[in-house]
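> Generate a structure from the sequence data that follows.
(one chain, ligands or ions: 2)
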Amino acid sequence: MLRTLLAARSSLRSSRKILTSLSSPPFKCWAPSYSSKQGSDDAHETVSFLLKDTALRSRPPRLLVVQPRLRPDRLLQAKLNEALCLANSLEEQRDGYFLTDFFDKELPPHIVVQNPSMKGHKARADAYFGPGTVHNIKCHLNNAESKGEVDAVFVNAILSGVQQRNLETAWDKPVLDRVGLIIEIFNAHAFTKEAKLQAELAALTYKKSRLVRVRGPGGRYTFGAAGDAEVVSARGRGSGGQGFMSGAGETELQLQRRRILERRNYLLSQIEEVRRTRAIQRAGRKRHGGSFGQGLATVAVVGYTNAGKSTLVSELSNSDLYSDCRLFATVDPRLRSAVLPSGRKMLFSDTVGFISDLPIQLVEAFHATLEEVVEADLLVHVVDSSAPNLDEHRSTVFQVLQQIGVSEEKLLNMIEVWNKIDIEEECTDADEADKYLDEDEESDVKSMATESETDVCEQSRGEYEAMEEKENYSDGWLYDEDTMVDESDFCSPSNADDQQNEQPNKNKISETDSLIGQNGPHVKTSAVTGVGLQELLELIDEKLSAQDDEKLKGAKMVERNIFERKWRPSHTQEDSTIAAEQ
Ligand SMILES: Nc1nc2c(ncn2[C@@H]2O[C@H](COP(=O)(O)OP(=O)(O)OP(=O)(O)O)[C@@H](O)[C@H]2O)c(=O)[nH]1
Ligand SMILES: [Mg+2]
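Ligands and ions are numbered 1, 2, ... in the order given. Reported below is the predicted structural model:
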C-alpha cells in the first residue's frame, strides 16, 4: 500500500514537473449519430461520445491507463506521466471552468504492460497486445472497477480500427488510443467557432478510418458497433425505383461514409472562410497594423504542450491568457500586442501546443490556425527545461514545424527559450534531500507495474486459456496467419534490454540538431518568476530589426537596379522596327 502511495506520489510529482493539464471527453468511434441537418453546428456535440452521457457531463470520465513498457525506465516514466496527465485532462469545462483543480485529481488507475513492438516483434494485427496481456488488462480493469467505476480504457499507443474494436469487445469498455484521446481533448477544449470546426474535422477524419468490419449479434458481418448493423436501403426497397431501375441500395457503411463526407464538406467550406478572413487580417496587419501606419510584426510562440507558452505570452504582453496544467489548455489561437525595449510595437501569437505522435488529422484540420505560425515574422520555441525527455520534445516540435511548411530560414532564425528554470533550480536544491527517496520510488514504480502484471497474470493464466476457448474476442477471422503470439506477454517481467525504441528518436534528434545548428537555448526564462523575460524581449527586438534591415537592403537593391538600368529597346523590338521601315 505504502509502495503504491509512494509510486503514485512520485508519478504525480513528476507529472507536475513535466506536464500541465488538459481535459476532454473520450472518443468512441462507432455508430456516427449525425442528424441529416448538414449545416447545423449542433453536430459538433455528437463528436464526443462518452461525454454525451449526462452522468459523465457532471463528472470527469475515469480512464484506466494502459502504458506499453519502454526502455530505458526514464523514458517509460516520462511517457507514463504524460499518459496520466492526458487521461486526467479528459474533462469538459462547465461555464468556462473545470470542475476540479488538476492537482486535486486522483491519479487514474494505470498499468504498465509488455510492449508488443519491442524485441524486434510486430504488434499483433488483431488486438495489438498478445492474448495474455489482453486478459491481464481485463483483470486490472475488473480490479479498478471494484474501487470505482471505469468509463473507458486509454491505451497509450496508436491502434488500428480492428485492434480497437477487438479490445473493446474483450474488455467490454470503450477504448481510446493516443490519437483518439488527443482529438477528443481538442474537441473538449475548443472554445471558438474556428477551433470547434477544426477539431470536429479532425475527429471526422479519424472516425472515417475507423469504420471497420465486425461480426454482428446475428453472426453476419457488418460495419459499426455490434447490433448497429443494418442495410438501410436494400435493392428494390427504399431506393426509389423498381426492378432493374432500383439500383443496389445503400449499405450501412455507405450511409455512414456519406454522412461523414457531407459533414466534412460543410466543415471544409466553413474553415475555408476562416482561412480567408485570417489571411485578410494578416495582410492588413503586415501593411499598416502599427501605430504609425507601418507594418506590425508577428512573433509566433510555439512548443510542446504545457511548456508554458501562454504563461510566457501573458507575462511578455502584460495580458491574461488562459494557462493551465491540463495538456492542450490552448486550442484557440490568440494574439496579444506588446512593446519591445526599442519602443516598437509587435504581436505575439499564442497557439496550440504540439505532442509526440501528434495525429496527422489534427495537423491537417488545424491548417488555418497553424498558418499563423507559417506566416509569422519570427518564431519563439518554448521548451520546458524541466522535462526529462526534453530532447524528444524539441525534435517533435521541429518535425511538426517542418511538416506544416515552416521554411528552413525561419527555423534557423528561431529563438529557443528554455522555460521553467525555476523548477530546475528548485530540483537541484531538493535533489540532495530526495536522492535516496527517489531511488526507492523509482524502483517502486517499476516493481508496481511488473508485480501488478505478474500477480493477476499468474493467478489466471490457466483460467485464461479456458476462457480464450469460450470468449473469442477477436472473432477468429481477424487473426492473420502472420500474426505472432508473443509468449513473453504471458506474465514474464521484461528483462530484455531492448534499446530499439529509443533509436528512432536519437536519429530524429541528431537531424534536428544539425538543422538548427545549436544544442542549447538562446535564453533561459521563468514565466512565473519573470527571470529572463527582458533578455528575451531584447533578443526579439534585435532579430526583428535585423530582418527589417535585410528587407530594406533588398528593397534598395531592387530600386537601384531599376534606376541604374538604361532603357534600350529589346532586340525583337529593334528588329521589328527595322523590318517595318524596310
Ligand atoms: N514553475 C513554473 N511553472 C510554469 C512556468 N511557465 C508556465 N508554468 C506552468 O505550466 C503550466 C502550463 O502553462 P501554459 O502556459 O498553459 O502552457 P502552454 O505551453 O500554453 O500549454 P498548452 O496550451 O497546453 O499547449 C501552468 O500550470 C503554468 O502555471 C514557469 O516558468 N515555471
Ligand atoms: Mg497554452
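> helix/strand/coil for the residue nearest to F129 when sequence neighbours are not counted?
Nearest non-adjacent residue to F129, counting by CB to CB, 6 or more residues apart in numbering: P116, 5.5 Å away. Where you see a C-beta, it was placed from the backbone N, CA and C, and this is true even at glycine. State at P116, reduced to three classes by DSSP: H, G, I helix; E, B strand; the rest coil: coil.
> Which stretches in this protein count as strands?
Under the criterion DSSP state E, the chain contains strands at 63-68, 110-113, 152-155, 175-176, 213-215, 221-223, 233-234, 249-250, 297-303, 334-339, 345-350, 378-384, 415-419, 523-524.
> Of those strands, which is nearest ligand 1?
strand 415-419 (4.8 Å; CB to the nearest ligand atom).
> hey, what's the residue lying closest to R334 once chain neighbours are set aside bridged with?
Spatially, and ignoring its direct neighbours in sequence, R334 is nearest to D350 (4.8 Å; CB to CB, 6+ apart). Using DSSP bridges, the beta-bridge partners of D350 come out as V301, R334.
> Give me the pLDDT for D350.
pLDDT, D350: 94.
> Next, count neighbours for it.
Residues lying near D350 (other CB atoms under 10 Å) number 27.
> wouldn't it be in contact with E315 here?
No: the criterion here is CB atoms under 8 Å, and D350 misses it with E315 at 11.6 Å.
> Enumerate the residues of the chain near ligand 2.
309-310, 329-330 (CB under 5 Å from the ion).
> So which of these reach ligand 1?
Filtering these for proximity to ligand 1 by CB under 6 Å from any ligand atom leaves 309-310, 329-330.
> closest to D377 among the residues you listed?
K309 (17.4 Å; CB to CB).
> Can you report how many residues lie near R94?
R94, neighbours per other CB under 10 Å, totals 10.
> Can you read off the pLDDT for it?
73.
> what does L75 give?
88.
> Not counting its neighbours along the chain, what's nearest it?
Nearest to L75 is N389, by CB to CB, 6+ apart, at 6.3 Å.
> Write out the residues of the chain neighbouring ligand 1.
20, 303, 305-311, 323-325, 327-330, 353, 419-420, 422-423, 526-528.
> ok, the residue of the chain at minimum distance from ligand 1 - contacts?
As assessed by CB to the nearest ligand atom, ligand 1 sits closest to G353 within the chain, at 2.4 Å. By CB atoms under 8 Å, 6 or more residues apart in numbering, the residues touching G353 are 303-307, 309, 327-328, 330.
> could I get those residues as a markdown table with pLDDT and neighbour count?
Shown next, in a markdown table, are the contacts of G353 (pLDDT from 0 to 100; neighbours: other CB atoms under 10 Å):
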| residue | pLDDT | neighbour count |
| --- | --- | --- |
| G303 | 95 | 25 |
| Y304 | 95 | 29 |
| T305 | 94 | 28 |
| N306 | 94 | 31 |
| A307 | 95 | 30 |
| K309 | 95 | 30 |
| L327 | 92 | 26 |
| F328 | 91 | 26 |
| T330 | 89 | 25 |
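> Return the subset of these lying in helices.
Mapping the contacts of G353 onto helices (DSSP state H) picks out K309.
> Nearest to ligand 2, out of the contacts of G353: which one, please.
T330 (3.0 Å; CB to the ion).
> Surely that closest one and K309 touch.
Yes: the pair T330 and K309 passes the contact test of CB under 8 Å, sitting 7.0 Å apart.
> where do the contact lists of these two overlap?
In contact with both T330 and K309: 350-351, 353, using CB under 8 Å, 6+ apart.
> would you list these in JSON lines and tack on distance to L378?
Below are the shared contacts of T330 and K309 laid out as JSON lines (distance: CB to CB, whole Å):
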{"residue": "D350", "distance to L378": "14"}
{"residue": "T351", "distance to L378": "14"}
{"residue": "G353", "distance to L378": "19"}
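> which intervals of the stretch 1-150 of the chain have sub-threshold pLDDT?
1-58, 95-96, 119-120 (pLDDT under 70).
> rewinding a little: right, and out of the ones next to ligand 1 among the residues of the chain next to ligand 2, which lies closest to E272?
For those, the residue nearest E272 by CB to CB is T330; the value is 23.2 Å.
> Would you mind giving me the confidence score for the residue nearest to the closest one when sequence neighbours are not counted?
In space, T330 comes closest to S310 once its chain neighbours are excluded; the distance is 5.3 Å by CB to CB, 6+ apart. pLDDT recorded at S310 is 95.
> Contact partners for S310?
Counted by CB under 8 Å, 6+ apart, S310 has contacts 321-323, 329-330, 334, 350.
> Buried ones only from those, please, as a PyMOL command.
Here is the PyMOL command that picks out the buried ones among the contacts of S310, judged by 16 or more other CB atoms under 10 Å:
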select buried, resi 321+323+329+330+334+350
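> And the residue nearest to L75, its phi and psi?
Main-chain torsions, N389, degrees, to the nearest 10: phi -110, psi 50.
> what ranges do the helices span in the stretch 151-300 of the chain?
With helices called from DSSP state H, counting those that start in this stretch, the stretch 151-300 of the chain shows them at 161-171, 178-189, 193-208, 252-288.
> Most tightly packed of those helices?
Ranked by average neighbour count under the criterion mean count of other CB atoms under 10 Å, those are headed by helix 178-189 at a mean of 26.
> relative orientation of that helix and helix 193-208 in degrees?
150 degrees (axes from the mean of the first three to the mean of the last three CA atoms, to 10 degrees).
> which other helices and strands contact helix 178-189?
helix 73-88, helix 193-208, helix 360-365 (3 or more CB pairs under 8 Å, 6 or more residues apart in numbering; DSSP states H and E).
> Would you confirm that R124 contacts S117?
No: R124 lies out of contact with S117 (CB under 8 Å); the separation is 9.8 Å.
> Looking at those two, which is more packed in?
R124 (26 against 16).
> one step back: for the residues of the chain next to ligand 2, work out which two are farthest apart.
K309 and A329 (9.5 Å).
> Could you list the buried residues of stretch 106-113?
Going by 16+ other CB under 10 Å, stretch 106-113 has these buried residues: 107-113.
> Pick out whichever of these sits closest to ligand 2.
Comparing the buried residues of stretch 106-113 against ligand 2 with CB to the ion places P108 closest, at 22.5 Å.
> Find the residue closest to that closest one in space, skipping its chain neighbours.
Nearest one to P108, counting by CB to CB, 6+ apart, is A87 at 4.5 Å.
> do the same with R282
Excluding its sequence neighbours, the residue lying closest to R282 (CB to CB, 6+ apart) is E375, at 5.9 Å.
> For burial, what's the neighbour tally of E408?
10.
> Counting neighbours, what do you get for the spatially closest residue to R336 that is not a sequence neighbour?
Take R336 and drop its neighbours on the chain: the residue closest to it by CB to CB, 6+ apart is S317, 3.8 Å away. Counted with other CB under 10 Å, residues neighbouring S317 total 19.
> Report the contact partners of S317.
336-338, 348.
> In the stretch 51-200 of the chain, what residue comes closest to ligand 2?
Residue of the stretch 51-200 of the chain nearest ligand 2, by CB to the ion: H189 (9.9 Å).
> nearest residue to that residue other than its sequence neighbours?
V331 is the one closest to H189 (CB to CB, 6+ apart), at 4.4 Å.
> quick one: that neighbour and E200 touch, right?
No: counting by CB under 8 Å, E200 is not a contact partner of V331; they are 11.9 Å apart.
> Any idea how many residues pack against the residue nearest to H189?
Neighbour number of V331 under other CB under 10 Å is 26.
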